[in-house]
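S.K.: Got a sequence here, can you build the structure:
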Amino acid sequence: MAEIVDWESLAEATSGAVGALVSTTVLYPLDTCKTRYQAEVQSHGQRKYRNLSDVLWEAISRRQVLSLYQGLGTKNLQSFISQFVYFYGYSYFKRLYLKKSGTKSVGTKANLVVAAAAGACTAIVTQPLDTASSRMQTSAFGKSKGLWETLAEDSWMEAFDGLGISLLLTSNPAIQYTVFDQLKQRLLQRQRAKDSPSSTESSPAALSALSAFILGAISKSVATILTYPAIRCKVMIQASNSENGPDNVGESKSAKTMMGALSVIWNREGIPGFFKGLQAQILKTVLSSALLLMIKEKISRYTWISMLALRRYLLVSQKRIKSA
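M.R.: Residues are numbered from 1 along each chain as shown. Purely as a prediction, here's the structure:
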């Protein structure tokens, strides 16, 4: 078993998943406000939320501040699994590419393909949790149901609402991590040249917390701006049956597809509607991704050491079993 497992990919996945868990929990109230704001579509020139702070004020005025955390457990589960799958797949596919191609580094185009492949695997595995989380966040304050009750409201096929657009949005983390990886490699180039590892099991080079935070913010900003119209459509698709979705029955049904959601936005809000909530999205995702990558970089060395210790333990155990 110890010889089969890709330990470097496993260490990357574990570090990324822990970072996602922490960042999701810390920024969850902001995420709830953002999702409710994005899901609402202007009706007859009127809208419930004029800006992001209106969502927060609604929760405070109704004495439902804790409801900003509704769906946190589901979101944490989704974040942990998605980041674990993504970082494992990204690291594994990248190492596989280097092995098959015989090159020493992954170019920009190849990096985009590798990141997109990892993102596609992640979207398929975690789509039901993502859909449930969006529905829980956009349900009435204080009336959110549990994970299974939320998913049981409709058919299991509807739990995969937005899967097509999620696959399209694999370009978002693909762009993000490609930009991050390229910037990271340049920053660490001198450090790698100076380092002279004494053994093949030395830990990978890591960024400082500040550098990781800045690079994470830059890379996520670029990815978010380029893909935002699709991001808002995805939220609308997943929340189309909630109180913040389109209030017209026909439009609610049409918003179940990407083209339908785009049509609803165009008819109700015009071109500015495609970018409604962009500032909130950038604020939340940049902080979340920067915090995630900062935590990942800081614990990656310790995770790597832990994985090496586990591998050695398994190897010793296997030898003892064989010799017995």
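
S.K.: Which element is encountered next along the chain beyond the lowest-mean-pLDDT helix or strand in the chain?
M.R.: Across the helices and strands of the chain, mean pLDDT, DSSP states H and E gives its lowest value to helix 249-254, namely a mean of 50. Note on helix 249-254: by DSSP states H and E, the next helix or strand toward the C-terminus is helix 258-269.

S.K.: what helices or strands is that next one leaning on?
M.R.: The contact analysis (3 or more CB pairs under 8 Å, 6 or more residues apart in numbering; DSSP states H and E) places helix 258-269 against helix 163-168, helix 209-238, helix 249-254. In short, each C-beta sits where N, CA and C put it, glycine included.

S.K.: Please repeat the previous calculation with a cut-off of 6 Å.
M.R.: Under the contact definition 3 or more CB pairs under 6 Å, 6 or more residues apart in numbering; DSSP states H and E, helix 258-269 sits against helix 209-238.

S.K.: Would you mark the buried spots in the helix it packs on?
M.R.: Using 16 or more other CB atoms under 10 Å as the test for burial, helix 209-238 gives 211-224, 227-238.

S.K.: Off-centre distance for it?
M.R.: 9 Å (CA atoms, centre = their mean, to the nearest Å).

S.K.: Between helix 258-269 and that helix, find me the angle.
M.R.: Orientation check (axes from the mean of the first three to the mean of the last three CA atoms, to 10 degrees): helix 209-238 against helix 258-269 gives 90 degrees.

S.K.: What helices and strands are in contact with helix 209-238?
M.R.: Packed next to helix 209-238, using 3+ CB pairs under 6 Å, 6+ apart, are helix 28-39, helix 163-168, helix 171-194, helix 258-269, helix 278-323.

S.K.: quick one: average confidence on it?
M.R.: Averaging pLDDT along helix 209-238 yields 84.

S.K.: and that helix with helix 278-323, angle?
M.R.: Using the same axes, to 10 degrees: helix 209-238 against helix 278-323 is 110 degrees.

S.K.: Correct me if wrong: Met294 contacts Ser211.
M.R.: No: the criterion here is CB atoms under 6 Å, and Met294 misses it with Ser211 at 8.8 Å.

S.K.: what's the closest of the helices and strands packed on helix 209-238 to Val114?
M.R.: Closest to Val114 of the helices and strands packed on helix 209-238, according to CB to CB: helix 171-194, at 8.2 Å.

S.K.: which helices and strands does that closest one pack with?
M.R.: Packing partners of helix 171-194 (3+ CB pairs under 6 Å, 6+ apart): helix 108-138, helix 209-238.

S.K.: Please enumerate residues in contact with that helix?
M.R.: Defining contact as CB atoms under 6 Å, 6 or more residues apart in numbering, one finds that helix 171-194 is touched by Asn111, Leu112, Ala115, Ala116, Gly119, Ala205, Leu215, Ser219, Lys220, Val222, Ala223, Thr227.

S.K.: Adding distance to Tyr177 as columns, could you present those in a markdown table?
M.R.: As requested, those are arranged in a markdown table below (distance: CB to CB, whole Å):
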| residue | distance to Tyr177 |
| --- | --- |
| Asn111 | 8 |
| Leu112 | 9 |
| Ala115 | 5 |
| Ala116 | 10 |
| Gly119 | 9 |
| Ala205 | 17 |
| Leu215 | 11 |
| Ser219 | 7 |
| Lys220 | 10 |
| Val222 | 11 |
| Ala223 | 9 |
| Thr227 | 13 |
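
S.K.: now, among those, which is nearest to Leu30?
M.R.: Once CB to CB is applied, the member of the contacts of helix 171-194 that ends up nearest Leu30 is Lys220, at 14.4 Å.

S.K.: what's that closest one in contact with, if anything?
M.R.: Gln176, Thr285, Val286, Ser289.

S.K.: Please identify which pair of those residues lies farthest apart.
M.R.: Of all pairs in these, the most separated under CB to CB is Gln176 and Val286 at 10.2 Å.

S.K.: okay, these two: which has more neighbours?
M.R.: It is Gln176, of Gln176 and Val286, that has more neighbours when counted by other CB atoms under 10 Å, with 25 against 19.

S.K.: which residues does the residue nearest to the more buried one when sequence neighbours are not counted contact?
M.R.: Spatial nearest neighbour of Gln176, excluding adjacent residues (CB to CB, 6 or more residues apart in numbering): Ala223 at 4.0 Å. Contact partners of Ala223, counting by CB under 6 Å, 6+ apart, are Asn172, Ile175, Gln176.

S.K.: Can I get those in CSV including pLDDT and distance to Leu188?
M.R.: Output for those, formatted as CSV (pLDDT from 0 to 100; distance: CB to CB, whole Å):
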residue, pLDDT, distance to Leu188
Asn172, 82, 24
Ile175, 81, 20
Gln176, 80, 18
